[in-house]
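In: what's the 3D shape of this:
(one chain, ligands or ions: 1)
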Amino acid sequence: VREGTPLHTDRQQLREVAYASSDLLGDRAALYNARVPPLDLPRWVAERLPALPGPIIDVGCGPGWYLRSTARATGRPAFGFDLSEGMAREAATAPEAVSQTEVATGVADAQALPVRSDSAGAVLLLHMLYHVPDPELALGEARRVVHPEGVVAVMTNTHRHLGAMRELFALELEAAGIEPLANIERHFDDVSGPPLLHRVFDHVEEHVLDARVELDRPGPALAHLATARHLYAEVDDDRWQAVLGNVARHLVRAIERDGRWSTPTSTVFYLCRR
Ligand SMILES: C[S@@+](CC[C@H](N)C(=O)[O-])C[C@H]1O[C@@H](n2cnc3c(N)ncnc32)[C@H](O)[C@@H]1O
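Out: Down below sits the predicted model:
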């Protein structure tokens, strides 16, 4: 497995390729429509936020799924920031309006937030710290801007997340002579994350959400894997398609045999207080 590739924290790659728009993120997220048992994660997070002493700051807000659910559930103004201008724009112009609540977005880096100290009721860092070059610096920024009575909510995938799917993909890459990339989420997951959280915050409460994705057709898994294409830029299209074709055949065989194919999902949520 190739280690140390900087692509997953490279600003230009993040802004112009991976998150120029929500297209690739949407293809990845669509896999979770097959989650068993079903879970509306933006709503689950919103329900975990206590009464807040100030607005919500959603850092790395992406297309604003959590921005809107938390604004709606808490009635608090919500401000989203993202490194990608495309994402910040999408989050601000998303179709479902949040009635009666102020929602605005802008471009900013998690490591230097344009937010006053001690002012936020909640700071959200959801599925994004593994893209930040210095996650501890971003956690320190969140601690700086959050009100003394506020919360910092962090979510990431554990090292078990999508295990069977990742293993299958890695095996087919290797069979094609392609070295699999290390899982980018290792940069901030349930193993690498907690030591940083405990250095920055006095109180850290942990919730693990384990479930599985069950598929009766290969499409959602293949669409998810296809979003990694830009990380394998040196692989030509024929070899890439051959790898995905082999994954597809494996999934189809398993579904014909067992009626379905499944892979674990595992997400961890940390509610932190200063
Ligand atoms: C996987 S998406 C998650 C989006 C959203 N938080 C969610 O959970 O649906 C990661 C987002 O973090 C943004 N991002 C990456 N590095 C960032 C940074 N240093 N500062 C702010 N946003 C960043 C990306 O542009 C992308 O929109």
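
In: Pairing partners for the residue nearest to residue 208 when sequence neighbours are not counted in the sheet, please.
Out: Distances taken as Cβ to Cβ, 6 or more residues apart in numbering put residue 268 closest to residue 208, at 5.2 Å, once the chain neighbours are dropped. Every C-beta, even on glycine, is put in place using the N, C-alpha and C of the backbone. On the basis of DSSP bridges, residue 268 takes part in beta bridges with residue 156, residue 208.

In: Please apply the same query to the one 5 residues further on.
Out: Note on residue 273: beta-bridge partners by DSSP bridges are residue 203.

In: Angles on the backbone of the residue in the chain positioned nearest to the ligand, please.
Out: Nearest residue of the chain to the ligand: residue 62, at 2.6 Å (Cβ to the nearest ligand atom). Backbone dihedrals for residue 62, given as degrees, to the nearest 10, come out at phi 60, psi -140.

In: which residue packs closest to it, ignoring adjacent ones?
Out: In space, residue 62 is closest to residue 87, 5.3 Å off (Cβ to Cβ, 6+ apart).

In: Okay, and that neighbour sits in which element?
Out: helix 85-93 (DSSP states H and E).

In: what about the helix or strand that comes right after that helix, near the ligand?
Out: Later in the chain than helix 85-93, the nearest helix or strand by DSSP H and E is strand 103-107. No: judged by Cβ under 6 Å from any ligand atom, strand 103-107 stays clear of the ligand, getting no closer than 8.4 Å.

In: Packing partners of strand 103-107?
Out: Applying 3 or more Cβ pairs under 8 Å, 6 or more residues apart in numbering; DSSP states H and E, one finds that strand 103-107 makes contact with helix 65-74, strand 78-82, helix 85-93.

In: by how many degrees do the longest one and strand 103-107 diverge?
Out: What that stands for is helix 65-74. 150 degrees (axes from the mean of the first three to the mean of the last three Cα atoms, to 10 degrees).

In: by how many degrees do helix 65-74 and helix 85-93 diverge?
Out: Using the same axes, to 10 degrees: helix 65-74 against helix 85-93 is 30 degrees.

In: The shortest one now?
Out: Note on geometry: by the same axes, to 10 degrees, strand 78-82 and helix 85-93 are set 160 degrees apart in direction.

In: Quick one: mean pLDDT for stretch 42-56?
Out: For stretch 42-56, mean pLDDT is 96.

In: gap between the two ends of that stretch?
Out: End-to-end span of stretch 42-56 (Cα to Cα, to the nearest Å): 14 Å.

In: which other residues reach that stretch?
Out: 65-74, 76-79, 119-124, 126, 147, 149-151, 153, 155, 207, 209, 269, 271 (Cβ atoms under 8 Å, 6 or more residues apart in numbering).

In: Would you mind naming what in this structure lies close to the ligand?
Out: 14, 19, 25, 59-62, 65-66, 82-84, 87, 109-110, 126-128, 131-132.

In: From those, list the buried ones, please.
Out: By neighbour count, with 16 or more other Cβ atoms under 10 Å, the residues of the chain next to the ligand hold 14, 19, 25, 59-62, 65-66, 82-84, 87, 109-110, 126-128, 131-132 as buried.

In: Nearest residue to the middle of the chain?
Out: Centroid check for the chain by Cα atoms, centre = their mean gives residue 127 as the closest residue, at 2.8 Å.

In: contacting residues around that residue?
Out: So residue 127 contacts 60, 62, 155-157 (Cβ under 8 Å, 6+ apart).
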